[in-house]
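Chemist: this is the structure alone, sequence omitted:
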């Protein structure tokens, strides 16, 4: 383990504590934008047309236009893969909290549900189609002023069918998370689909070595019920320190480990 960038024996409890702190900070910074995107954005695909949006109170103007969010996000993928989902995304935090109440928990593994994991790629394809082929239609009358929830109610009063379909599909899958933990992140998030498809380029990652025995302790503690490097791994680090044979590390994966794991 001396060759690993960060020892796999790092306390998973300490990592979870720090992750929660960062998630709460992410909620404070990005949470309002998330609510605007869901409840007030007049575009069918939220978060990506902020510079053209007439809702002047939306914080997306600051994050996307001035803070360079859509530049920083791909840079984060190059550095730490899908860590945005596990560390900063306000929606991810909400999904994890919903999962605490889910009667079926995290470990549901029927073939149909495993296939449902491809849903996030379909959602990503739908967003790309709406944005590039349909021209990102404005399917709602933008409500520029007023208290947030009063404006949200007006948004629903003026919304077109496509906007309403998008809203209720998202709301329904989020609600499903109260039954099947992590449903949105695992099955439907288009952002998660994009990050999942590109996370392999990450320089630093949580990884498993050839010493892995497949005991399953890591996926039992994982909020998305997966193992390091596998589908839906968000580099959250919750599994660090739980492996009985020290087969999990974080950092740049050594070349000899890559060779053994294929």
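Modeler: All right, it came through fine. Since we're looking at a predicted model, the values are computed, not measured.
Chemist: state the number of residues packed around residue 149.
Modeler: Neighbourhood size, residue 149 [other Cβ atoms under 10 Å]: 11. All C-beta atoms are positioned from the backbone trio N, CA, C, and that covers glycine.
Chemist: and residue 132, by the same measure?
Modeler: For residue 132, using other Cβ under 10 Å, the count is 10.
Chemist: checking it next. Helix, strand or coil?
Modeler: The three-state label for residue 132, taken from DSSP: H, G, I helix; E, B strand; the rest coil, comes out as helix.
Chemist: check it and give its pLDDT.
Modeler: For residue 132, the model assigns a pLDDT of 95.
Chemist: I'd like the next helix or strand past the lengthiest helix in the chain.
Modeler: If you go by DSSP state H, the chain has its longest helix at helix 12-39. Following helix 12-39 in sequence order, the next helix or strand is helix 60 (DSSP states H and E).
Chemist: find the nearest non-adjacent residue to residue 154, please.
Modeler: Among residues not flanking residue 154 along the chain, residue 143 sits closest, at 4.9 Å (Cβ to Cβ, 6 or more residues apart in numbering).
Chemist: returning to what we had before: what is the longest helix of the chain packed up against?
Modeler: Applying 3 or more Cβ pairs under 8 Å, 6 or more residues apart in numbering; DSSP states H and E, one finds that helix 12-39 makes contact with helix 60, helix 83-87, helix 90-99, helix 148-158, helix 161-176.
Chemist: quick one: it to helix 90-99, angle?
Modeler: Computed by axes from the mean of the first three to the mean of the last three Cα atoms, to 10 degrees, the angle separating helix 12-39 from helix 90-99 equals 110 degrees.
Chemist: picking that back up, what's the closest of the helices and strands packed on helix 12-39 to residue 49?
Modeler: Checking those against residue 49 by Cβ to Cβ gives helix 60 as the closest, at 8.8 Å.
Chemist: the stretch 151-262 of the chain: helices as residue ranges?
Modeler: Listed in chain order, the helices of the stretch 151-262 of the chain (DSSP state H, counting those that start in this stretch) span 161-176, 183, 190-198, 217-221, 255-261.
Chemist: can you tell me the SS state at residue 103?
Modeler: Classified using three-state DSSP, residue 103 is coil.
Chemist: which non-adjacent residue is nearest it?
Modeler: Nearest one to residue 103, counting by Cβ to Cβ, 6+ apart, is residue 179 at 6.5 Å.
Chemist: separation between the one you found and residue 111?
Modeler: 19 Å (Cβ to Cβ, to the nearest Å).
Chemist: avg pLDDT for stretch 62-82?
Modeler: The model assigns stretch 62-82 a mean pLDDT of 86.
Chemist: how long is it from one end to the other?
Modeler: For stretch 62-82, the first-to-last residue distance is 23 Å (Cα to Cα, to the nearest Å).
Chemist: buried ones in that stretch, by neighbour count?
Modeler: For stretch 62-82, the neighbour count (16 or more other Cβ atoms under 10 Å) marks 63-64, 69, 76-77, 80-82 as buried.
Chemist: next: stretch 86-101.
Modeler: Going by 16+ other Cβ under 10 Å, stretch 86-101 has these buried residues: 86-96, 98-99.
Chemist: residue 69 contacts residue 59, correct?
Modeler: No: using Cβ atoms under 8 Å, residue 69 makes no contact with residue 59, being 10.4 Å away.
Chemist: out of the helices and strands in the chain, which is least certain?
Modeler: Here the helix or strand of the chain ranked lowest by mean pLDDT, DSSP states H and E is helix 255-261, holding a mean of 50.
Chemist: so how far is residue 183 from residue 229?
Modeler: 22 Å.
Chemist: again, but for residue 139
Modeler: Applying Cβ to Cβ to residue 139 and residue 183 gives a distance of 25 Å.
Chemist: leaving aside the residues next to it on the chain, what's closest to the most centrally placed residue in the chain?
Modeler: In the chain, the residue lying closest to the centroid (Cα atoms, centre = their mean) is residue 85, at 3.3 Å. Spatial nearest neighbour of residue 85, chain neighbours left out: residue 234 (4.3 Å); criterion: Cβ to Cβ, 6+ apart.
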